[in-house]
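J.: sharing a model prediction with you, sequence too.
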Amino acid sequence: MYIENASAKNKKKLELKYVPTEKQQMFHLSDADEVLYGGAAGGGKSMAITMEALLRAMETPGVNCYVFRRTYPELKDVIITLARRYYPEDVGEFTNSGKDFKLINGSSVRFRHCFKDSDVYRYQGAEIHYLFIDELTHFPLSVYDYLKSRLRAPKELNITPCVRATSNPGGIGHAWVKQYFIDRGTPYEKNEVRIYSSVLKQEKTVSVQYIPALVTDNPHMPKDYIYELEKKPKALKNALLHGLWTAFEGQAFMEFTDDSTHYKDGCYTHVIAPFSVPEDWPRYRSFDFGYSRPFAVQWWAVAPDDTVYMYREWYGSKDGDNKGLKLTAREIAQRITEIENEAAEKPIGIADPSIWDASRGECIAEQMAVCGVQFSPADNARLSGKMQMHYRLAFDEKGKPAMQVFYTCKNFIRTIASLTTDPLKVEDVDTRAEDHSYDAARYFLMARPIGKKQEPIKKRNYNPLEVYEPESNGFLEY
């Protein structure tokens with residue numbers, strides 16, 4: 001790849017040891033404000049973002065490019081290794097123990113990590129002109145938003161700061177990345193996001209783009225790598241080989257199914273069309289409190305066959321960004337009362353036991369009780385609650401689960417499908433993710449526990465050569 005070396009005084013053309021693929025070139029040429037590149041493994045994501053940082057640093061003298069990974073070992077082993085291999089020595093040098101690449105035109109590429117969420121405050125005074133994040137789903141939305149707040153440039157540079165990111169499906173940020181980039185519109189097209197400033201009394205439009213790439217788009221990858229991906233378990237293969245965002249390795253509830261073709265008949269889907277709930281079905285209300293983080297209120301009905309239905313939700317977040325509405329317990333209770341009075345309902349309330357904590361004064365449960373909203377403490381056994389979710393989601397031989405959700409309960413549907421398991425406690429859900437709706441549902445399910453469904457018994461044809469052995473619980477053939 002040849003580019004004009006704006007870093008050199010004679011501005012001669014410079015040959016880079018980098019030949020971008022068609023998809024990588026699309027990534028480099030995009031003029032969108034925020035771009036996500038990737039999806040599948042082997043599409044050249046890390047190479048693309050490492051070289052994009054260099055190209056922008058070389059294009060404009062005096063710019064600051066920041067490249068982030070979640071951990072320093074990942075940063076060092078992937079991004080910095082690529083930079084040392086492909087960044088030309090005659091345009092700059094590595095400094096700060098290899099964490100910075102200083103160009104002779106005054107620009108810099110800074111390689112950084114953000115392991116803990118609080119690490120973002122290390123960059124509170126940073127002036128980031130171009131922001132690059134590799135494996136975006138490893139970060140929560142709060143980190144992404146904060147780093148974007150450092151994105152600014154003086155007018156004399158005459159540039160438009162932008163964000164470039166890459167990622168595979170999966171990770172604690174899967175839900176928000178999918179919602180922000182993948183579900184926003186058609187791949188490759190730029191989608192508009194309107195931002196209103198109450199200070200300026202003006203509205204601004206920014207563009208967001210998703211550029212998917214598969215391993216088959218990368219001619220530099222050997223066929224053996226594709227065969228290796230083919231051997232992976234289904235969920236991992238769907239994510240890494242096919243770039244699907246609906247299933248991924250580490251997904252806590254892989255069995256959760258949202259099939260719109262079966263919304264009406266309810267077969268082999270957990271999401272269904274709303275129906276009029278019979279008045280004599282028992283009703284429940286489950287609650288997970290949140291102030292800075294979202295709260296979740298869910299209303300449930302129990303059918304005579306013990307199938308449970310979530311028929312209504314109220315989620316305490318404005319834009320699905322894992323930020324709370326900052327409503328007090330009384331304000332939440334007042335709205336719950338209004339909803340239930342309007343529907344003429346008196347459900348049984350179940351909530352997180354922590355709302356009875358009175359160590360700092362009147363507890364949340366008492367504040368809500370004053371407004372007429374009563375709860376009983378839920379069984380907060382995390383592993384048992386997760387297993388109850390698995391038991392309820394299991395389909396029987398007719399394709400019917402023991403738990404279904406009206407498609408109007410969008411936040412539960414959005415977040416349950418994106419939850420991941422805890423990397424340190426693989427039997428539990430990663431609590432760093434947006435798990436508030438899951439917790440509220442778990443509280444309810446622990447109040448109506450069921451056992452694991454038995455596998456359907458297959459009818460056997462009579463065979464005179466078979467002898468049943470009671471001790472082995474099976475048949476022997478002679």
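T.: Received it, and whenever you're ready, just let me know what you need. Numbers count the residues shown, from 1 in each chain.
J.: just give the closest residue to residue 23, not the sequence neighbours.
T.: Distances taken as Cβ to Cβ, 6 or more residues apart in numbering place residue 213 nearest to residue 23, at 4.2 Å, with adjacent residues excluded. No exception for glycine: its C-beta is placed from N, CA and C like everyone else's.
J.: need the contact list for the one you found.
T.: 21, 23-24, 37-40, 43-45, 243 (Cβ atoms under 8 Å, 6 or more residues apart in numbering).
J.: what's the neighbour count on the spatially closest residue to residue 35 that is not a sequence neighbour?
T.: Distances taken as Cβ to Cβ, 6+ apart place residue 209 nearest to residue 35, at 4.8 Å, with adjacent residues excluded. Residue 209 has 22 neighbours, counted by other Cβ atoms under 10 Å.
J.: also the one 3 residues further on?
T.: Using other Cβ under 10 Å, the number of residues around residue 212 comes to 17.
J.: give me the beta-bridge partners of residue 36?
T.: residue 165, residue 210 (DSSP bridges).
J.: so how far is residue 292 from it?
T.: 27 Å (Cβ to Cβ, to the nearest Å).
J.: next: residue 87.
T.: In terms of Cβ to Cβ, residue 87 sits 41 Å off from residue 292.
J.: of the two, who's got more company?
T.: residue 87 (24 against 9).
J.: close enough to count as contact, residue 427 and residue 386?
T.: Yes - contact criterion Cβ atoms under 8 Å: residue 427 and residue 386 qualify, at 7.2 Å.
J.: who has more neighbours out of those two?
T.: residue 386 (20 against 11).
J.: could you give the bridge partners of residue 68?
T.: Going by DSSP bridges, residue 68 forms beta bridges with residue 112, residue 133.
J.: that one: neighbour count?
T.: 28.
J.: now do the contacts for it.
T.: By Cβ under 8 Å, 6+ apart, the neighbours of residue 68 are 75, 112-114, 131-134, 139, 147.
J.: how many neighbouring residues does the nearest residue to residue 142 once chain neighbours are set aside have?
T.: Closest residue in space to residue 142, ignoring its immediate chain neighbours: residue 117 at 6.3 Å, by Cβ to Cβ, 6+ apart. Counted by other Cβ under 10 Å, the residues lying close to residue 117 total 13.
J.: any idea how far residue 117 lies from residue 354?
T.: According to Cβ to Cβ, residue 117 and residue 354 sit 21 Å apart.
J.: again, but for residue 71
T.: 31 Å.
J.: now the spatially most central residue of the chain: closest residue in space that isn't a chain neighbour?
T.: Residue closest to the mean C-alpha point of the chain, counted by Cα atoms, centre = their mean, is residue 174 at 1.9 Å. Leaving aside its chain neighbours, residue 174 sits nearest to residue 418 (4.6 Å; criterion: Cβ to Cβ, 6+ apart).
J.: walk me through the domains of the chain.
T.: If you go by automatic domain parsing, the domain ranges for the chain are 2-240, 260-447.
J.: which residues does the residue nearest to residue 35 contact?
T.: By Cβ under 8 Å, 6+ apart, the neighbours of residue 209 are 30, 32, 34-36, 181, 188-191.
J.: which ones among the residues you listed are found in helices?
T.: Judged by DSSP state H, helices contain none of the contacts of residue 209.
J.: how about these in CSV, adding neighbour count and pLDDT?
T.: Formatted as CSV, the contacts of residue 209 follow (neighbours: other Cβ atoms under 10 Å; pLDDT from 0 to 100):
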residue, neighbour count, pLDDT
30, 19, 96
32, 18, 97
34, 23, 97
35, 24, 97
36, 28, 97
181, 24, 95
188, 12, 94
189, 12, 95
190, 17, 95
191, 15, 93
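J.: which among the residues you listed gets closest to residue 227?
T.: residue 36 (27.4 Å; Cβ to Cβ).
J.: distance check, that closest one against residue 197.
T.: Using Cβ to Cβ, residue 36 is found at 25 Å from residue 197.
J.: over to residue 417?
T.: 34 Å.
J.: between the two, which one's more packed in?
T.: A direct count of neighbours by other Cβ under 10 Å for residue 417 and residue 197 places residue 417 higher, at 23 against 9.
J.: about what we covered before: so who does the residue nearest to the centre of the chain touch?
T.: By Cβ under 8 Å, 6+ apart, the contact set of residue 174 is 137, 245, 248, 418, 420, 433.
J.: likewise residue 75?
T.: Residue 75 neighbours (Cβ under 8 Å, 6+ apart): 67-69, 111-113.
J.: could you dump the residues you listed to CSV with distance to residue 404 and pLDDT?
T.: Shown next, in CSV, are the contacts of residue 75 (distance: Cβ to Cβ, whole Å; pLDDT from 0 to 100):
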residue, distance to residue 404, pLDDT
67, 45, 98
68, 40, 98
69, 40, 97
111, 48, 98
112, 45, 97
113, 42, 96
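J.: state the pair within those that is farthest apart.
T.: Across the contacts of residue 75 (Cβ to Cβ), the longest gap, 9.7 Å, separates 67 and 113.
J.: neighbour-wise, which of those two wins?
T.: Between residue 67 and residue 113, counted using other Cβ under 10 Å, residue 67 has the larger neighbour count: 26 against 19.
J.: neighbouring contacts of stretch 119-127?
T.: 64, 66, 112-114, 142-143, 146-147, 150, 152-153.
J.: and the buried ones among the residues you listed, selectable in PyMOL?
T.: The following PyMOL line selects those of the contacts of stretch 119-127 that are buried, judged by 16 or more other Cβ atoms under 10 Å:
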select buried, resi 64+66+112+113+114+142+143+146+147+150+153
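J.: in strands, which of the contacts of residue 213 appear?
T.: In strands, defined here by DSSP state E, the members of the contacts of residue 213 are 37-39.
J.: and the helices in the stretch 51-200 of the chain?
T.: Assigned by DSSP state H, counting those that start in this stretch, the stretch 51-200 of the chain shows helices spanning 72-74, 81-86, 141-149, 174-177.
J.: sorry, slip of the keys, the one I care about is the stretch 301-450 of the chain.
T.: All helices of the stretch 301-450 of the chain, identified by DSSP H, counting those that start in this stretch, fall at 329-343, 364-370, 382-393, 410-416, 436-447.
J.: need the winner for burial among those.
T.: Comparing those by mean neighbour count (mean count of other Cβ atoms under 10 Å), helix 436-447 ranks first with a mean of 24.
J.: ok, and what's touching stretch 263-279?
T.: 256-260, 262, 283, 301, 309, 311, 393, 395, 398-401, 403-408, 413.
J.: okay, now the unreliable bits of the stretch 51-200 of the chain?
T.: Judged by pLDDT under 70, the stretch 51-200 of the chain has no weakly predicted residues.
J.: no, scratch that, I was asking about the stretch 201-350 of the chain
T.: For the stretch 201-350 of the chain (pLDDT under 70), the answer is none.
J.: ok, which stretches of it are strands?
T.: For the stretch 201-350 of the chain, applying DSSP state E, counting those that start in this stretch gives strands covering 202-213, 271-272, 283-288, 296-302, 308-315, 348-351.
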